[in-house]
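>>> Got a predicted structure plus its sequence, pasted below:
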2 protein chains.
Amino acid sequence: MLTINDTKVVHNFNSGPSILPKEVFQQASEAILNFNNTGLSILEIGHRTTLFQEVLDEAVSTLKELMHLDNDLEVLFLHGGASTQFFQVPMNLLNENETAAYLDCGTWGTKAIKEAKLFGNVNMVASSKDKNYSYIPKNYIIPSDSKYFHYTTNNTIEGTQMHSIPETNVPLIADMSSDILSHEMDFNRFSLIYAGAQKNIGAAGVNIVIVKKDILGKVNRKLPTMMDYRVHIENGSMVNTPPVFAVYVCMLTLRWLKQRGGVAEIEKINDIKAKLLYDTIDSLPVFKATVAKEDRSKMNVVFVMENPELEKQFLAECKENGIVAIKGHRSVGGFRASLYNALPLESVQVLTELMKEFANSHG
Amino acid sequence: MLTINDTKVVHNFNSGPSILPKEVFQQASEAILNFNNTGLSILEIGHRTTLFQEVLDEAVSTLKELMHLDNDLEVLFLHGGASTQFFQVPMNLLNENETAAYLDCGTWGTKAIKEAKLFGNVNMVASSKDKNYSYIPKNYIIPSDSKYFHYTTNNTIEGTQMHSIPETNVPLIADMSSDILSHEMDFNRFSLIYAGAQKNIGAAGVNIVIVKKDILGKVNRKLPTMMDYRVHIENGSMVNTPPVFAVYVCMLTLRWLKQRGGVAEIEKINDIKAKLLYDTIDSLPVFKATVAKEDRSKMNVVFVMENPELEKQFLAECKENGIVAIKGHRSVGGFRASLYNALPLESVQVLTELMKEFANSHG
């Protein structure tokens, strides 16, 4: 049997699609040849079989358990990615004459605002665009007559993260694509949560939507069947053929997280990983974090060097040491190390040791 | 290395997700552990890497080659399945005051009509609903001022198939989900073709759209970014994170088909498989095909038995012989054997031999 052990060691800091637990890779690989000893591949089983229904049911129930969700929150596995939610949310919730409040704290929030404007009015309550989204705006006011308040919990590209849930009386909606399940929070305070799976939940090709039924059914427009959250709830995420394999990988990843002790336990390791990397950056004059200290993301650590020539050299040394996908997003430059749940502490140790050696020889 | 050979032989007649070539299962399984000898899983590689760009490029170019597509047809790999296309097509093409012509020849066509009515007027030019969609309507008129004409080339549930392309001067649009790449046809006559991948193209979780640019950009409504075909064309199917693994499985399956000699060669085998099964049904009084002879599908063969008690017994014998997923859709009853490209002739031989034995002992 081919195992991942015979391959070279790679430390994958990719921002998404990103590293998943090696047990998940192993199980997913086997299920493609023989799923649950049926003699069938997971890729050829019918989605209306009990075989798949059990996979979907376990994915839903494990997610509910890991997030401690109340019964009034429905969990959906949908096609399309978070970018589809940018318009599906206002399409389902915002009438033309109504106003929703949005926080503009990064690339993804800006895109969400653009789509919402197609359906109703947007009140952009605050923005950190003035400083290239390097901080999270504070002390803004969410008008109490807003239809809802939308924000991005973690900014994958800019490396900022909201470390508390905004206080407001209006329905809270969050894009949690890049930090869901990475730390404990009161998910029950939200009316709608969405997240592309390809960071902490599973593989690319499926999207999670968690929604309170009571906010639905209040818009005047007619909704296409595939865009109507109520239809997906009624049909248990099976209106049409779901992305079977992507859901299966989610189930395996969620099962892995549960076996590791859940969100509270992984949060401890995530804290250690992030602290190690930020402490290393702060201790070495050659590196510099780009983000306001209190808003630093524990998932996506963005840092630069003063000297672009040194950046190229450091990237080359990373490559030599099996560290991949650490180049920063073109809008920020420098480096970005994504520390999702499945990234082992060891990978961060390899990176920080290399940073120290590099700083010593180029300090 | 785990191979599919150590597992029991299963003959999978599922209607979709459905059987794929065993070489594809093998390669996909390996790529989950170590993709192209990178030490990375296909599930963890970035979609903006050359690693994935090469996969997508090969999928697009192989599909173009297999379908002999002219240069004015753009190939997209999109999220959402054919059910999303039911509304995305009229959203992109049909103004509120305009009329599109639709043929109602089965479950999927009916659904497409329902969604189109949300965006404009639908002229249902013909329907075979009167006989439970057991035939393809003929001799209908497509008004020459229709915005487009939409039909389903193969009806997965009812087991009918259009064996020629309708003659019309209006743009042709077809849902080819369940027979694309199964037989040669002049795909260049279409302005838009769509197909869920999970039959002849690959695994569930991705959708193919092939579209002529000149029909786009003519509606008045504002389109959400993720719904606008033009945006997907401009971004080469990479507006957001694509379903990476599903696209990879498509690429492998298309590569397999090319290596087998392409559509013309697979059509010969498909013809043999369908003829063998229909001839067997016709020769055995205990079985009965449900569909008008001239409209029989070569992909989904629907048949029943007079005696429901015998049906249960035959199903049980199928199971004993490794024949799975042959139970008919609840709307038709009886049996449905789906004979997609990857189903070996041997599986049809096993089924027809069993049918003959069964007829002999219950005739």
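Looks like it arrived, so ask away.

>>> Buried residues in the longest helix belonging to chain A, which are they?
Looking across chain A with DSSP state H, the single longest helix is helix A:262-283. Neighbour-count burial for helix A:262-283 flags A:262-263, A:266-267, A:269-270, A:273-274, A:276-278, A:280-281 (criterion: 16 or more other C-beta atoms under 10 Å in any protein chain shown). The C-beta positions use only the backbone N, C-alpha and C, and glycine is treated the same way.

>>> following it, which helix or strand shows up next?
Counting by DSSP states H and E, the element after helix A:262-283 in chain order, helix or strand, is strand A:287-289.

>>> Stretch A:243-256 close to chain B?
Yes - against chain B, stretch A:243-256 shows contacts by C-beta under 8 Å from any C-beta of the partner chain at A:243-246, A:249.

>>> Quick check: mean pLDDT of that stretch?
On average, the pLDDT along stretch A:243-256 is 98.

>>> and that stretch, how far from the chain's centre?
Distance, stretch centre to chain centre, for stretch A:243-256: 15 Å (C-alpha atoms, centre = their mean, to the nearest Å).

>>> repeat for stretch A:351-363
30 Å.

>>> For the least confident helix or strand in chain A by mean pLDDT, name the packing helices and strands.
When each helix and strand of chain A is scored by mean pLDDT, DSSP states H and E, helix A:308-320 comes last, with a mean of 94. Identification of packing neighbours for helix A:308-320 by 3 or more C-beta pairs under 8 Å, 6 or more residues apart in numbering or on different chains; DSSP states H and E yields strand A:300-305, strand A:335-338, helix A:345-362.

>>> Save the ones you listed as TSV, and put in mean neighbour count and distance to chain B too.
Below are the helices and strands packed on helix A:308-320 laid out as TSV (neighbours: other C-beta atoms under 10 Å in any protein chain shown; distance: least, C-beta to the nearest C-beta, whole Å):
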stretch	mean neighbour count	distance to chain B
strand A:300-305	24	13
strand A:335-338	25	10
helix A:345-362	16	12
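
>>> can I get these in CSV with mean pLDDT?
Compiled in CSV, the helices and strands packed on helix A:308-320 are given as follows (pLDDT from 0 to 100):
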stretch, mean pLDDT
strand A:300-305, 97
strand A:335-338, 98
helix A:345-362, 97
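
>>> sorry, back to before: so what secondary structure elements neighbour the longest helix of chain A?
helix A:50-67, strand A:287-289, strand A:300-305, helix A:345-362.

>>> For B:Ile113, which of these is the nearest?
helix A:50-67 (28.6 Å; C-beta to C-beta).

>>> Show me what the next helix or strand after the closest one is packed against.
Next in sequence after helix A:50-67, counting helices and strands by DSSP H and E, comes strand A:73-78. Helices and strands in packing contact with strand A:73-78 are listed as helix A:50-67, strand A:207-212, helix A:229-234; criterion 3+ C-beta pairs under 8 Å, 6+ apart.

>>> Comparing these, which comes out most buried?
By mean neighbour count, with neighbours taken as mean count of other C-beta atoms under 10 Å in any protein chain shown, strand A:207-212 ranks first of the helices and strands packed on strand A:73-78 at a mean of 24.

>>> Next, the residues that contact that strand from outside, please.
For strand A:207-212, the external contacting residues (C-beta atoms under 8 Å, 6 or more residues apart in numbering or on different chains) are A:63, A:67, A:69, A:72-82, A:84-85, A:171, A:180, A:187, A:190-197, A:201, A:229, A:232-233, A:250.

>>> Going through those, which ones are buried?
A:63, A:67, A:69, A:73-82, A:84-85, A:171, A:180, A:187, A:190-197, A:201, A:229, A:232-233, A:250.

>>> so how far is stretch A:56-69 from its chain's centroid?
Distance of stretch A:56-69 from its chain centroid, counting by C-alpha atoms, centre = their mean, is 17 Å.

>>> Could you see whether chain B lies near that stretch?
No - judged by C-beta under 8 Å from any C-beta, stretch A:56-69 and chain B are separated, with a smallest distance of 12.6 Å.

>>> same question for that stretch, mean pLDDT?
In the prediction, stretch A:56-69 has an average pLDDT of 98.

>>> who's in contact with it?
The contact list for stretch A:56-69 (C-beta under 8 Å, 6+ apart) reads A:73, A:75, A:77, A:181, A:187-188, A:201, A:208, A:210, A:236-238, A:242, A:247, A:250-251, A:254-255, A:257-258, A:262-263.

>>> Out of the helices and strands packed on helix A:308-320, flag the one nearest A:Gly322.
Taking C-beta to C-beta, helix A:345-362 is the member of the helices and strands packed on helix A:308-320 nearest to A:Gly322, at 7.5 Å.

>>> for that closest one, packing partners?
strand A:11-12, helix A:262-283, helix A:308-320, strand A:323-324.

>>> rewinding a little: export the helices and strands packed on helix A:308-320 to JSON lines and tack on distance to A:Lys312?
Listed next are the helices and strands packed on helix A:308-320 as JSON lines, based on distance: least, C-beta to C-beta, whole Å:
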{"stretch": "strand A:300-305", "distance to A:Lys312": "10"}
{"stretch": "strand A:335-338", "distance to A:Lys312": "11"}
{"stretch": "helix A:345-362", "distance to A:Lys312": "12"}
